[in-house]
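Asker: sequence isn't available, so here's the structure alone:
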């Protein structure tokens, strides 16, 4: 696979929407849909990588797990360590060791809806959703690819998971429908569909998708009688719009705006920004003016993400490429 900078541009737009939402910026109160874009993009990228390995002789599951661990764990563990050290001072009511264990084991996605937990590092629930996908997909994808109609199976799975999320939201609680892997993997499945179909996007479809994402991000809620729209109709619309955007970005050379230098660099920082921004937001957003919260959050999270990228992630990547030279073609 060739590196496609436009996909990092999609990451950048997603993380900016999430940061603005968490800082409660007016006009971005629906920015949580940035996570739906992330899920679709993750499904696309991981499925593309694994499908390439499958075509070239088979998926090396152990190597895939090791690559994911080296990519994701170091920055996460640094953030968790900083939280454990600072929690007695900044968040004394937190059960910091429990929170740290839940985040490190990627199970916050199920802990949040069912336990009475503080939310200081609860934003790691989305990592739990993606990690379960990383664990299961290398084992399941070969079975899907060997079937006669793999895309049909994936579309059926997307419809089933979407229906399941609607059922959970309407019959139990919105939190169970919003946070858990079994209800949120619909976007990841759409990304997998995008990877296998290489869907060509028309200008009209792209314009409609961009408008839909902008409206979903801007409106605090859709005009329905209860909160369940946020985890039913809104997520589905965001996932479908993200599918179109990712398919457009995947066409190398056609998404020039998304491939611009600043967006690409922010996209490369997006994982670190996501991890580091939220605890600071919680400290500031109810005690400081909006401009202070937003400015401090951007400066701090971008700086920490850059430090983690250049001093942790890239050195580890270079070491990995030397240790596993045969993996360079798909790294």
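Answerer: In hand now; what should we look at? The model shown is predicted, which means the values in this text are computed figures rather than measured ones.

Asker: between the two ends of stretch 22-40, how far is it?
Answerer: Across stretch 22-40, the terminal residues are separated by 21 Å (C-alpha to C-alpha, to the nearest Å).

Asker: give the buried residues for that stretch.
Answerer: By neighbour count with 16 or more other C-beta atoms under 10 Å, stretch 22-40 contains the buried residues 22-23, 25, 28, 30-40. To be clear about C-beta, it is placed using only N, CA and C from the backbone, and glycine gets the same treatment.

Asker: ok, now stretch 260-273?
Answerer: Neighbour counts over stretch 260-273 (16+ other C-beta under 10 Å) mark 263-273 as buried.

Asker: ok, residues contacting it?
Answerer: Contacts with stretch 260-273, where a contact means C-beta atoms under 8 Å, 6 or more residues apart in numbering, come from 5, 7-16, 19, 72, 75, 257, 301-302, 304-309.

Asker: which of those residues are buried?
Answerer: Among these, the ones that count as buried by 16+ other C-beta under 10 Å are 5, 7-16, 19, 72, 75, 301-302, 304-305, 308-309.

Asker: give me the below-cutoff pLDDT ranges for this protein.
Answerer: Within the chain, the segments meeting pLDDT under 70 span 1, 221-227, 253-255, 324-331.

Asker: can you tell me the centre-most residue of it?
Answerer: The centroid of the chain falls nearest to residue 38 when counting by C-alpha atoms, centre = their mean (3.6 Å).

Asker: returning to what we had before: sitting in strands, which of the contacts of stretch 260-273 do you find?
Answerer: With DSSP state E as the criterion, strands contain none of the contacts of stretch 260-273.

Asker: kindly tell me how buried residue 209 is, as a neighbour count.
Answerer: Using other C-beta atoms under 10 Å, residue 209 has 22 neighbouring residues.

Asker: just confirm the residue nearest to the centre of the chain contacts residue 129, I think it does.
Answerer: No. Residue 38 lies out of contact with residue 129 (C-beta atoms under 8 Å); the separation is 9.7 Å.

Asker: tell me the SS of residue 3?
Answerer: Residue 3 falls in the coil class when you classify it by DSSP: H, G, I helix; E, B strand; the rest coil.

Asker: skipping its backbone neighbours, what lies nearest the residue nearest to the centre of the chain in space?
Answerer: Closest residue in space to residue 38, ignoring its immediate chain neighbours: residue 14 at 5.1 Å, by C-beta to C-beta, 6 or more residues apart in numbering.

Asker: please report how far the one you found lies from residue 31.
Answerer: 9 Å (C-beta to C-beta, to the nearest Å).

Asker: chain center to the strand or helix carrying residue 163, what's the gap?
Answerer: Applying DSSP states H and E as the criterion places residue 163 in helix 150-171. When distances are taken as C-alpha atoms, centre = their mean, to the nearest Å, helix 150-171 is centred 19 Å away from the chain's centroid.

Asker: distance from the chain centre to the helix or strand following that helix, please.
Answerer: As assigned by DSSP H and E, the chain's next helix or strand after helix 150-171 is helix 174-179. Centroid separation between helix 174-179 and its chain, computed with C-alpha atoms, centre = their mean, is 16 Å.
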